[in-house]
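> Pasted the sequence and its predicted model underneath.
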Amino acid sequence: MGYLLLLFGLFANKPNCSCIPLGPINDKQYEEYDLIAKGKIVKVSVKAWTRTIYLNVKTYYKGKKQSQIKIITPSTEGMCGIGPHVGEDWLIFAYNENKSYRTELCTRTKNLNPKAWDYNKDEIDNDIKFLEEKTIYQGFY
């Protein structure tokens, strides 16, 4: 019975993933990511273990500038994957992985849709304010 519950937890579509609260964004967290960008989801492809997301970037805060980026995440929220839908706006925090990027629920990645289950306006506003100040200071714009 215990194995059945473990398997259910791995494949469930509801978040079972345990993440350490990250607190307010700071320089150390900023430096951990290879890509930080805001944009619109234009395509999502799901396979057995992975979800591939294509993001049309509106704003770059960190990383190599491209008009569209490919992001890999686990296929379900139960495996700590993010679950975006085409047309949604997201703030993505990701790590370099081969010719794409990787993100998960335990990063600072956020759905910018106010109806999202984990939407937190204050946290999003604070992250964006920090990122805008950081990129202006570094001359990134």
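Looks like it came in fine.

> how near is the residue nearest the centre of the chain to residue 51?
Among the residues of the chain, the smallest C-alpha distance to the mean C-alpha position (C-alpha atoms, centre = their mean) belongs to residue 109, namely 3.0 Å. For residue 109, the distance to residue 51 (C-beta to C-beta, to the nearest Å) stands at 13 Å. Glycine gets a C-beta too; all of them are placed from N, C-alpha and C.

> where do the contact lists of those two overlap?
Counting by C-beta atoms under 8 Å, 6 or more residues apart in numbering, the shared contacts of residue 109 and residue 51 are residue 82.

> same question for stretch 128-141, mean pLDDT?
Per-residue pLDDT over stretch 128-141 has a mean of 78.

> Stretch 110-120 now?
Here the mean pLDDT over stretch 110-120 is 90, rounded to a whole number.

> Then stretch 67-82?
Per-residue pLDDT values across stretch 67-82 average out to 92.

> Can you list the buried residues in that stretch?
Residues of stretch 67-82 classed as buried under the neighbour-count rule (16 or more other C-beta atoms under 10 Å) are 69-82.

> Now the terminal residues of that stretch, how far apart.
For stretch 67-82, the separation between the terminal residues is 21 Å (C-alpha to C-alpha, to the nearest Å).

> Please apply the same query to stretch 96-103.
9 Å.

> residues in contact with that stretch?
By C-beta under 8 Å, 6+ apart, the list of residues contacting stretch 96-103 from outside reads 34-35, 52, 69-73, 82, 92-95, 109.

> Secondary structure and distance to residue 20 added to those residues, as a markdown table?
Compiled in a markdown table, these are given as follows (DSSP: H, G, I helix; E, B strand; the rest coil; distance: C-beta to C-beta, whole Å):
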| residue | secondary structure | distance to residue 20 |
| --- | --- | --- |
| 34 | coil | 20 |
| 35 | strand | 21 |
| 52 | strand | 26 |
| 69 | strand | 26 |
| 70 | strand | 27 |
| 71 | strand | 22 |
| 72 | strand | 22 |
| 73 | strand | 18 |
| 82 | coil | 17 |
| 92 | strand | 19 |
| 93 | strand | 15 |
| 94 | strand | 18 |
| 95 | strand | 16 |
| 109 | coil | 15 |
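
> So which of the residues you listed is the closest to residue 24?
Taking C-beta to C-beta as the measure, residue 24 sits nearest to residue 93 out of the contacts of stretch 96-103, at 14.0 Å.
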